[in-house]
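Visitor: Just to be clear, the model below is a prediction. Sequence and coordinates:
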Amino acid sequence: MDCPDNLLNMSRAYYSDSIAGFLAATTDTIIGKLARASEFPVEQSQRIAWEGQIDILRSVVEKYQGAIYFEYSIPRMGERIDVVLLVGPAIFVLEFKVGETEFTSYALDQVCDYALDLKNFHETSHDRFVAPILVATRAEACEILVGTTPQNDKLLFPIRCIPKTLSEAIDLVLQFSEGEDIEARAWETGRYCPTPNIIEAALALYRKHDVADISRSDAGAKNLHQTTESISGIIQEAKANRNKAICFVTGVPGAGKTLIGLNIATKHLDAKSDQYSVFLSGNGPLVKVLQEALARDNIKREKVAGVRITKKTAHSSVKAFVQNIHCHPIAGERKGWNVARKTSTRRV
């Protein structure tokens, strides 16, 4: 799936400049640009937070060359990263908690999610070292530990800092990182391409498109296709040997787990066959939305073909594909687990 133009060319940051340009600008100038770019009225608390971040960063980045971005957009999450720094071969994702005295688990998860999103969905960040750093301005200093996650994909574990130790953290990451320096302009123009949303995916797959046709056109699409083929092979082997099998697919949010389940389910939609697939979800609202979207699309496509069908008939056909699985509310409705289950009229 091609990236929409607004994701290709959008100005993702409220303020961006070279580090040298940032140091040469006045605080009022920077805040003025941030305020003008903001989509919402700027509260006094936000201005104070920006001033605090600017003051901290002035003393930290003066010895580096690179680029700086304030309020960097993460479209898939609908949120903004406080600050992104490009220094040497590394990308620093900074989340500031001005006035905080603790490194809360929520804030650590937040900065880690931002880094994961850049790593997985921003084209020019895929092969770079990405360092998520949480800065709690009034917390006590703690040991700075730098290391990659078990996946060894150049994504670092979140680092805890206070303003006085931020420079030390950046230095340690730069010592740890390797590769060519990031060219800011090339990095900025990198495409942000998450997988399609679940409604788009369900509609496309229900029309018999392949998963590779609707996913983003990078290594992620190849992985989705390979995972689908691997599961299909397990299904065929289980059928041939009259065995049962269960497959677990893991990945970061938005990586395409649900897309794979939908793809497997749509490969066997013939309910008259002795073996067919059903997409089951414990997320009731999601099932209703999917069923409604698929039914409306079915009516629209049949109308174009000169065939009139009732909404009841359309709903009946899609309900054979997408169904709600009733489970404990904690395990199902609140977690939103999804599964594509292989069913058969024969005992295997």
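Guide: Structure's in. What do you need?
Visitor: Next SSE downstream of the strand or helix carrying Val135?
Guide: Following DSSP states H and E, one finds Val135 within strand 129-136. As assigned by DSSP H and E, the chain's next helix or strand after strand 129-136 is strand 159-161.
Visitor: tell me the average confidence for that next one?
Guide: Regarding strand 159-161, the rounded mean pLDDT is 95.
Visitor: From the chain's centroid, how far away is the very next helix or strand once past it?
Guide: As assigned by DSSP H and E, the chain's next helix or strand after strand 159-161 is helix 166-176. Distance of helix 166-176 from the chain centroid (CA atoms, centre = their mean, to the nearest Å) equals 26 Å.
Visitor: Could you name the helices and strands sitting against helix 166-176?
Guide: Contacting helix 166-176 under the criterion 3 or more CB pairs under 8 Å, 6 or more residues apart in numbering; DSSP states H and E are the following elements: helix 44-61, strand 79-87, strand 90-97, strand 129-136, strand 159-161. (C-beta placed from N, C-alpha, C; glycine too.)
Visitor: Please identify which of the ones you listed is closest to Asp181.
Guide: With CB to CB as the measure, strand 79-87 is the member of these nearest Asp181 (8.4 Å).
Visitor: And the contacts of the closest one?
Guide: With CB atoms under 8 Å, 6 or more residues apart in numbering as the test, strand 79-87 has contacts from 13-14, 19, 53, 57, 61, 64-74, 91-96, 114, 118, 170, 174, 182, 184, 187.
Visitor: Mind listing the strands it pairs with, and their directions?
Guide: Take DSSP bridges as the rule and strand 79-87 pairs in its sheet with strand 66-74 (antiparallel), strand 90-97 (antiparallel).
Visitor: which one of the ones you listed has the most crowded surroundings?
Guide: strand 90-97 (a mean of 25; mean count of other CB atoms under 10 Å).
Visitor: Same question for the next helix or strand after that strand: list its buried residues.
Guide: Next along the chain after strand 90-97, taking DSSP H and E as the criterion, comes helix 105-121. Of all the residues in helix 105-121, those buried under the rule 16 or more other CB atoms under 10 Å are 107-108, 110-121.
Visitor: How far away from the center of its chain is stretch 53-68?
Guide: Centre-to-centre, stretch 53-68 and its host chain are 28 Å apart (CA atoms, centre = their mean).
Visitor: what is the rounded mean pLDDT of it?
Guide: Mean per-residue pLDDT for stretch 53-68: 95.
Visitor: now stretch 108-127
Guide: Stretch 108-127 shows a mean pLDDT of 90.
Visitor: got the CA positions of that stretch in CSV?
Guide: What follows is stretch 108-127, C-alpha atoms only, in CSV (Å, rounded to 0.1, in the frame of the first residue of the first chain):
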residue,chain,number,x,y,z
LEU,A,108,9.0,4.9,30.5
ASP,A,109,6.4,3.0,28.4
GLN,A,110,5.5,6.2,26.7
VAL,A,111,9.0,7.0,25.5
CYS,A,112,9.6,3.4,24.6
ASP,A,113,6.4,3.3,22.5
TYR,A,114,7.6,6.5,20.6
ALA,A,115,10.9,4.9,19.9
LEU,A,116,9.3,1.6,18.7
ASP,A,117,7.0,3.5,16.4
LEU,A,118,9.9,5.4,14.8
LYS,A,119,12.0,2.2,14.5
ASN,A,120,9.2,0.2,12.9
PHE,A,121,7.3,2.6,10.8
HIS,A,122,9.6,5.5,9.8
GLU,A,123,11.5,4.5,6.7
THR,A,124,14.8,6.3,7.4
SER,A,125,14.9,5.2,11.1
HIS,A,126,14.7,1.4,10.4
ASP,A,127,18.4,0.8,10.4
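Visitor: The protein - how does it break down into domains?
Guide: Domain segmentation of the chain under automatic domain parsing yields 5-188, 198-344.
Visitor: By mean pLDDT, show me the worst of these.
Guide: Sorting the domains of the chain by mean pLDDT places domain 198-344 lowest, at a mean of 71.
Visitor: coming back round to it: mind checking which of the strands paired with strand 79-87 is nearest Thr266?
Guide: Distance to Thr266, taken as CB to CB, is lowest for strand 66-74 among those, at 29.8 Å.
Visitor: What angle do helix 105-121 and the closest one make with each other?
Guide: Angle between the axes of strand 66-74 and helix 105-121 is 100 degrees (criterion: axes from the mean of the first three to the mean of the last three CA atoms, to 10 degrees).
Visitor: residues in contact with stretch 26-46?
Guide: Residues contacting stretch 26-46 (CB under 8 Å, 6+ apart): Ser11, Tyr14, Tyr15, Phe22, Arg47, Trp50, Glu51, Ile54, Asp55, Phe70, Glu71.
Visitor: what's near enough to touch the fifth one?
Guide: Read that as Arg47. Residues in contact with Arg47 (CB under 8 Å, 6+ apart) are Ile31, Ala35.
Visitor: is Ser16 in a bridge, and if so with what?
Guide: Beta bridges link Ser16 to Tyr69 when assigned by DSSP bridges.
Visitor: What is the burial count for it?
Guide: Applying other CB atoms under 10 Å, we find 20 residues neighbouring Ser16.
Visitor: Could you do Ile30 as well?
Guide: 21.
Visitor: tell me the angle the helix or strand harbouring it makes with helix 44-61.
Guide: Assigned by DSSP H and E, Ile30 falls within helix 27-37. If you take the same axes, to 10 degrees, helix 27-37 sits at 130 degrees to helix 44-61.
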